[in-house]
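> Sequence plus predicted model, see below.
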Amino acid sequence: MHLNSFKQIETLPSTTEPTPDESQTNIAPVELPASAPSTNESGNNGVQRVISLPSQKAEALRQTLERHQHERQIVILQDFPDPDALSCAWAYQLMAEQYQIECDIVYAGTLSHQENIALVKLTGLPAQRWPVQTTKSKDLSIYQGCVLIDNQGTTSQLMPLLQEAGIPITVLIDHHSLQGNLKAEFSDLRPSVRATSTIFAQYLQAGLLVLDNSINQHVKCATALMHGLRSDTNGLMQAQEEDFLASGYLSRFYDSQLLKAVLQANRSKRVMDVIERSLKNRIVQNNFSIAGVGYLRYDDRDAIPQAADFLVTEENVHTAVVYGIVHDEDEELEVVIGSLRTAKLTLDPDEFIKEAFGQDSQGRFFGGGRTGAGGFEVPMGFLSGSNENPTYAKLKWEVFDAQIKQKLLRLVNPQDSPIQTE
């Protein structure tokens, strides 16, 4: 089914309450040319009409989907996808189906956060794990385009393989700050928006997919989007007006009992052990709590942000950073992974992490963030693996622990040296 009846939306608010037989949006739709400019338009009568950015982007995405009918695309998520990424990828897949575009949603890492596992299992969300070694043996030439949702390729081990295969980036949709210089046919980057789920709710509300309460898949996808929106806005406590409007729209379709079941997923013992380690190892300076938790299994990676969530609740702490060395036995890969959580309104996690850890040799930042949260990943390269010797493993951890603390504390306490020299 093609959405030839797609409508643009004006930002002029309605002065009356919508009636039950009106459109699903509470803003009056009007026909506009596809090439509607982003600047104000004035008619002969002097009345200005402003075309909203969400409306322009929704129309541009519709045109992009229409140009790629009957193709096959690969939707790339970050290695450890969160509810925002998972739900938006599913929404994109459902929208693309209307144009006979087949989408495979993939990620290279794992789902280790109990809520993410519950979300995928309870909704049947069609995301697949593609480890790097497995992907190397796949025929990627079957895909005519790549889609990046809630990331810009810097947090996926699969991107180099897709670039080697020459697969172009067709769609890029994200709410994080610019991470690189990617070329995408359609791009919607909005760092001012709290969640990518908010962007997709606006697409749905604009008519890219007409949700139907009688379609089970639509209800589950709306539930996933609501979870993604809540997750990235700290239970709506950091939400802005457009996030509330998006959640209001999704509230017509989501299953509250299903969402409650996802949110009630219990923490595993291993997650509790990592939280215990973070409490034991933390140092607190200038209201920053910094904790290294040592080595973790690849499958326990999501324990790190959960530990940061816990530490930031301590009295007299406004920002928590937790990090550890994550070891992937399958790929023989090690990486330093960290998470930041903050309740300080004047601290920008994106700026803080980028200033602390900088960029790699190709100009890509080791991390970034959004309002209230951030993360970083530092590959260990030549020093990866070979941890059978406990003494060597301990020395390696001490070196990385000291280096991470040094980079963080030079911002937290610029006048102090975190490394004591004789």
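Looks like it arrived, so ask away. Residues are numbered from 1 along each chain as shown.

> For the stretch 1-150 of the chain, which segments count as helices?
Applying DSSP state H, counting those that start in this stretch to the stretch 1-150 of the chain gives helices spanning 53-67, 83-97, 114-123, 132-136.

> okay, the ones you listed, which one's buried deepest?
For the helices of the stretch 1-150 of the chain, average neighbour numbers computed from mean count of other Cβ atoms under 10 Å are highest in helix 83-97, which has a mean of 26. C-beta: built from backbone N, CA, C; applies to glycine.

> related to what we said a few turns ago, among the helices of the stretch 1-150 of the chain, which is nearest residue 368?
helix 83-97 (14.4 Å; Cβ to Cβ).

> Report the angle between the closest one and helix 53-67.
Between helix 83-97 and helix 53-67, the angle comes out at 50 degrees (axes from the mean of the first three to the mean of the last three Cα atoms, to 10 degrees).

> Would you mind writing the CA trace of helix 83-97 as CSV?
Extracted C-alpha coordinates of helix 83-97, given in CSV (Å, rounded to 0.1, in the frame of the first residue of the first chain):
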residue,chain,number,x,y,z
PRO,A,83,14.7,0.3,23.8
ASP,A,84,14.8,3.5,21.8
ALA,A,85,16.8,2.0,19.0
LEU,A,86,15.0,-1.3,19.0
SER,A,87,11.5,0.2,18.9
CYS,A,88,12.3,2.8,16.2
ALA,A,89,13.9,0.1,14.0
TRP,A,90,10.7,-1.9,14.2
ALA,A,91,8.6,1.2,13.4
TYR,A,92,10.8,1.9,10.3
GLN,A,93,10.4,-1.7,9.2
LEU,A,94,6.6,-1.5,9.4
MET,A,95,6.6,1.8,7.5
ALA,A,96,8.9,0.4,4.8
GLU,A,97,6.7,-2.7,4.3
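
> That helix packs against which elements?
Secondary-structure packing of helix 83-97 (3 or more Cβ pairs under 8 Å, 6 or more residues apart in numbering; DSSP states H and E): strand 72-76, strand 102-107, helix 114-123, strand 127-129, strand 145-149, strand 169-174, helix 196-205, helix 216-232.

> Please tabulate these in TSV, including the columns distance to residue 299 and mean pLDDT.
Formatted as TSV, the helices and strands packed on helix 83-97 follow (distance: least, Cβ to Cβ, whole Å; pLDDT from 0 to 100):
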stretch	distance to residue 299	mean pLDDT
strand 72-76	21	97
strand 102-107	14	97
helix 114-123	10	89
strand 127-129	11	94
strand 145-149	23	97
strand 169-174	26	96
helix 196-205	25	96
helix 216-232	20	95
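
> Please identify the deepest-packed of the ones you listed.
Greatest average neighbour count among the helices and strands packed on helix 83-97 goes to helix 196-205 (a mean of 27), per mean count of other Cβ under 10 Å.

> what residues does that helix touch?
9, 24-25, 54, 57-58, 61, 84-85, 87-88, 91-92, 95, 149-150, 173-175, 188, 190, 193, 209, 211, 225-226, 228-229, 232, 242-243, 246-247, 249-250 (Cβ atoms under 8 Å, 6 or more residues apart in numbering).

> chain center to that helix, what's the gap?
Average the C-alpha atoms of helix 196-205, do the same for its chain, and the two points are 14 Å apart (Cα atoms, centre = their mean, to the nearest Å).

> again with stretch 188-204
Taking Cα atoms, centre = their mean, one finds the center of stretch 188-204 at 11 Å from the center of the full chain.

> And for stretch 124-140?
With Cα atoms, centre = their mean, you get 19 Å for stretch 124-140.

> Span of that stretch from start to end?
Counting by Cα to Cα, to the nearest Å, you get 25 Å between the two ends of stretch 124-140.

> Could you number the chain from 600 rather than 1 from now on?
Okay, using 600 as the starting number, the last item reads as stretch 723-739.

> what's the single longest helix in the protein?
helix 989-1011 (DSSP state H).

> CA atoms only for stretch 760-773, dumped as PDB, please.
Extracted in PDB, the C-alpha atoms of stretch 760-773 (Å, rounded to 0.1, in the frame of the first residue of the first chain):
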ATOM      1  CA  LEU A 760      31.800  -4.600   6.600                       C
ATOM      2  CA  LEU A 761      28.900  -2.700   5.000                       C
ATOM      3  CA  GLN A 762      31.300   0.000   3.800                       C
ATOM      4  CA  GLU A 763      33.600  -2.600   2.300                       C
ATOM      5  CA  ALA A 764      30.600  -4.100   0.500                       C
ATOM      6  CA  GLY A 765      29.800  -0.700  -0.900                       C
ATOM      7  CA  ILE A 766      26.300  -0.500   0.500                       C
ATOM      8  CA  PRO A 767      25.100   3.200   0.500                       C
ATOM      9  CA  ILE A 768      23.500   4.800   3.600                       C
ATOM     10  CA  THR A 769      19.900   5.400   2.500                       C
ATOM     11  CA  VAL A 770      18.400   6.600   5.800                       C
ATOM     12  CA  LEU A 771      20.000   8.100   8.900                       C
ATOM     13  CA  ILE A 772      17.700   9.000  11.800                       C
ATOM     14  CA  ASP A 773      19.100   9.900  15.200                       C
END
